[in-house]
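Fold the following, please.
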Amino acid sequence: MRHYQNFVDDEFIQPARAPSIEVCNPATGTVIATVDSVEPDDAIRAVQCAAAAQKTWRRMPAIERARVLHRLADALEARAQRIGDALALESGKSPMHGRSEVEYAAEVTRYHAEWARRITGEIIPSDNHDENLLLFREPIGVVVCLIPFNSPVYTLMRKLAPALITGNTVIVRPSSYTPCSALEIALAVQEAGVPAGVINIMAMNHLVAEQICTHPAVGMITLTGSVGAGRKVLEYSQVNIAKVSLELGGKTPAIIEPDANLAQAAADIVRSKTMNCGQLCTSVERVYVHETVAPKLITLLRHQFGLRQWGDRSENHDWMGPLIHNNARLHIHQMVERAIDDGAVLECGGVIPEGKGFFYPPTLLTGCRQDMEIVQEETFGPVLAVVTYRTLDEAIEMANDHQFGLASMVYSESHRTIMRVANEIEAGECYINRIPDDPYQGHHAGWKRSGIGGDDGLHGMLAFTQTRLVVARY
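Have a look, this model is predicted:
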């Protein structure tokens, strides 16, 4: 049992009246740590410290900020074992995958540090002969980063690194389910010599989060989370007209054409669906398969789902781990039951297992229709819905007939089919003959209710800037 304190202005603080958040290991259901829930006064002080630090941080040459980020990446790698172990305990990941996530977070930190000499403005021709128009890229100020539970270490650095390289300072609110790894990262922040106030990491309840997000000194709020959480952030942003970046839900469709490599498609789909117990916003959730190859694909999926073992990943890192909490498991199971009542065929899974932990077996549902809840609503778990189609027109129409538009997949050996889907799919990402994995040099951004703005790459970095036009008459 460990106890964690919040990190403000380069110090770990002990609030006078701080209630504790109990952190549970979802693989066992036992409490493994307690974390102080920051009080409003300390939260407001953190914003003030971040605002004060930003005045100096933004004036530091970008290459100097990059050196700080490189030191932070080094510190993350040096602490990968400890941070990864904390992540594994609080999330149900294996220790090996916990360490891998930390190492990947260090990579994305270095990637954004390399933008230091590439943050460019523009010189624009003026209509007047004796002046120039200069467009500068400037930092926004204090950025609030709201972090989810499913990939909390990577997502934290995915937001923090581009915010810092562009001259902003940050307030990080980790998920209450996975705050321990974030506060372990705070130790790396200290070791890297990040100036005081530049990075502040605090666990808090929703009321305190609202007070921070609506503080006048906050210029931007970036969230990875649910659609409901995104709506709350939009409410918060209205108070001071803060900029928002929202990466929200997904319902990734996979279109399987008759000429697809079905064995590869099935293996990829099962891997995507069971990775982190399906708790990934880009995890495939609905499969549209041509009716001529549907029986073979379903047989392959059923077989591979049946082979997929699950359990405590501290015992075997190849197993599928648990859902983050029991309410998530109950919600998913109720969706499966309603789908069966509505005519879906349960091929495997679909039961709540006995024993400790919040496990749910890989579940395959066939005979699904486009209007079913299981096809229209995100499960965020190891449940896959299969729908058949007759023509590619029909498949594309059903894939696009949806509230979400984050990631998409198509399996085909025809370049004409591939390019047509790539051009017509209504999603921010399209993966061809492979599963989604969000390359950090690309741009991870959703359409429709899947979000506003996005992370990664040049465009994700520039999201943390605002422009200033200087009209210089000479």
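
where do the helices sit along the stretch 351-474 of the chain?
Secondary structure of the stretch 351-474 of the chain (DSSP state H, counting those that start in this stretch): helices at 373-376, 392-400, 415-424, 457-462.

Identify each buried residue in the last one, please.
Read that as helix 457-462. Under the neighbour-count criterion of 16 or more other Cβ atoms under 10 Å, helix 457-462 has G457, G460, M461, L462 buried. Using the backbone N, CA and C atoms, a C-beta is placed for each residue, glycine as well.

sorry, back to before: make JSON lines out of the helices of the stretch 351-474 of the chain and add mean pLDDT.
Shown next, in JSON lines, are these (pLDDT from 0 to 100):
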{"stretch": "helix 373-376", "mean pLDDT": "98"}
{"stretch": "helix 392-400", "mean pLDDT": "98"}
{"stretch": "helix 415-424", "mean pLDDT": "97"}
{"stretch": "helix 457-462", "mean pLDDT": "96"}
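
elements contacting whichever strand or helix holds R82?
Here R82 sits within helix 80-91, counting by DSSP states H and E. Applying 3 or more Cβ pairs under 8 Å, 6 or more residues apart in numbering; DSSP states H and E, one finds that helix 80-91 contacts strand 20-25, strand 30-36, helix 95-113, helix 152-165, helix 180-191.

what's the most buried one of the ones you listed?
helix 152-165 (a mean of 27; mean count of other Cβ atoms under 10 Å).

Show the average pLDDT along that one.
Average pLDDT, helix 152-165: 98.

And the next helix or strand past it?
Next along the chain after helix 152-165, taking DSSP H and E as the criterion, comes strand 169-173.

quick one: strands adjacent to that following strand?
strand 142-146 (parallel), strand 199-201 (parallel) (DSSP bridges).

sec struct for the closest residue to G225 other than its chain neighbours, please.
In this structure, G225 finds its nearest non-sequential neighbour in P148, 5.3 Å apart by Cβ to Cβ, 6 or more residues apart in numbering. In three-state terms, and counting by DSSP: H, G, I helix; E, B strand; the rest coil, P148 is coil.

Looking at the buried residues of helix 457-462, which one is closest to L164?
M461 (10.5 Å; Cβ to Cβ).

Could I get the contacting residues of the residue found closest to the closest one once you drop the neighbours it is linked to in the chain?
Leaving out its chain neighbours, the residue that sits closest to M461 by Cβ to Cβ, 6+ apart is P162, at 4.2 Å. Neighbour list for P162: H112, W115, D455, G460, M461, A463, F464 [criterion: Cβ atoms under 8 Å, 6 or more residues apart in numbering].

roughly how far out does stretch 227-245 sit from the chain middle?
Stretch 227-245 sits 17 Å away from the centroid of its parent chain (Cα atoms, centre = their mean, to the nearest Å).

meant to ask about stretch 239-248
Centre-to-centre, stretch 239-248 and its host chain are 16 Å apart (Cα atoms, centre = their mean).

buried sites along that stretch?
Buried, per 16+ other Cβ under 10 Å, within stretch 239-248: A242, K243, V244, S245, L246, E247, L248.

What count of nearby residues applies to I83?
I83 has 28 neighbouring residues, counting by other Cβ atoms under 10 Å.

how about the strands in the stretch 301-450 of the chain?
Here the stretch 301-450 of the chain has its strands, by DSSP state E, counting those that start in this stretch, at 345-348, 363-366, 383-389, 404-405, 409-411, 431-432, 447-448.
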